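# From the sequence below, what's the structure:
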Amino acid sequence: MRTFLIALTTALLVPAALLAQTTETENTETETETPVPSIEDQLSLGEDASAPQVGQTYTREKNGDWDLRCIKTEDGVEEPCQMYQLMADSEGTPVAEISIFRLPEGGRAVAGATIVVPLETSLPQQLTMQVDGNAARRYPYSFCNTIGCFSRVGLVAEEVAAFRAGNSAKLTIVPALAPDQKVELTMSLLGFSASYEKTTVNAN
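Numbers count the residues shown, from 1 in each chain. I've put the predicted structure just below:
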């Protein structure tokens, strides 16, 4: 009887020992299979310092006097883009800037524009814009910050059509320190259509 119990105990212990040995062998093989990084894998090859970073605004292309400005995305697909132009006064000093984007269908305005002017602008006088010889339109300022004062403009289909067919638009602002004077800025419409077609729809 004692001999039988010893044999039974040995039989039960052998699989456990084999299992432990097998598990230990598998762990050793797993550790062995893990690739050791080479020294080259630990070195940085650098990147183009002039390339835009994710979330950064960059100029993708130029069409006439317009820049197509886009925000870099991680995959580079469906980047939000607006058309942009910097406007100068008669002496060539940069004074104001404008960004134009398309709007979703269904509303009265088909496009929107953000115009930024200097802080020293008379806000009550508002901003006027005139395309070629068409009637001028007046727009209020929405807010000001450290960059300047902003006017957010809605453009209807007829106005966009006038931009497409026009040569230039005249923007007029009034200095706060000289309310009896006017500063006229020329917005070139050269390349407007090509850039407008490539702007993305802004639903916000």
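# what secondary structure does the spatially closest residue to Ala157 that is not a sequence neighbour sit in?
Nearest residue to Ala157, sequence neighbours excluded (Cβ to Cβ, 6 or more residues apart in numbering): Val110, at 5.0 Å. C-beta here means a position set from N, CA and C on the backbone, and glycine is covered the same way. Put simply, Val110 is strand when judged by DSSP: H, G, I helix; E, B strand; the rest coil.
# begin at 257 from here
In the new count, where the first residue is 257, that last one comes out as Val366.
# Was I right to think Val366 contacts Leu359?
Yes: counting by Cβ atoms under 8 Å, Val366 does reach Leu359; the two are 5.9 Å apart.
# correct me, but Leu324 touches Arg316?
Yes: Leu324 lies in contact with Arg316 (Cβ under 8 Å); the separation is 4.9 Å.
# out of these two, which sits in the busier spot?
Per other Cβ atoms under 10 Å, whichever of Leu324 and Arg316 has more neighbours is Leu324, with 21 against 13.
# Could you give the backbone dihedrals for Gln309?
phi -90, psi 160 (degrees, to the nearest 10).
# That one and Ala413: what is the separation?
37 Å (Cβ to Cβ, to the nearest Å).
# Between the two, which is the more surrounded one?
Ala413 (11 against 8).
# circling back: list the contacts for the residue nearest to Ala413?
Val366 makes contacts with 358-359, 411-413, 416, as judged by Cβ atoms under 8 Å, 6 or more residues apart in numbering.
# from these, which single one is nearest Leu301?
Arg358 (39.4 Å; Cβ to Cβ).
# Now do the contacts for the closest one.
366-368, 452, 455-458.
# what sits against the most centrally placed residue in the chain?
For the chain, the residue sitting closest to the mean C-alpha position, by Cα atoms, centre = their mean, is Ile327 at 2.2 Å. Neighbouring residues of Ile327 by Cβ under 8 Å, 6+ apart: 311-313, 335-337.
# Quick check on the residue nearest to Thr329 when sequence neighbours are not counted: phi, psi?
Nearest residue to Thr329, sequence neighbours excluded (Cβ to Cβ, 6+ apart): Glu335, at 5.1 Å. Backbone torsions for Glu335, taken as degrees, to the nearest 10, come to phi -70, psi 130.
# Contact partners for Glu335?
Glu335 neighbours (Cβ under 8 Å, 6+ apart): 316, 326-329, 456.
# Kindly recompute the last result at 6 Å.
326-327, 329 (Cβ atoms under 6 Å, 6 or more residues apart in numbering).
# how far away is Ala352 from Asp345?
On the measure of Cβ to Cβ, Ala352 and Asp345 end up 9 Å apart.
# between those two, who's got more neighbours?
A side-by-side neighbour count of Ala352 and Asp345, using other Cβ under 10 Å, places Ala352 first with 23 against 14.
# The more buried one belongs to a strand, doesn't it?
Yes: Ala352: assigned to a strand according to three-state DSSP.
# pLDDT at it, what is it?
Note for Ala352: predicted pLDDT of 98.
# Mind picking the two most distant members of the contacts of Arg358?
Val366 and Thr456 (13.8 Å).
# on that earlier part again, in CSV: the contacts of Arg358, plus pLDDT.
What follows is the contacts of Arg358, written out as CSV (pLDDT from 0 to 100):
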residue, pLDDT
Val366, 97
Ala367, 97
Gly368, 97
Tyr452, 97
Thr455, 95
Thr456, 92
Val457, 92
Asn458, 84
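# Perfect, I'm done here.
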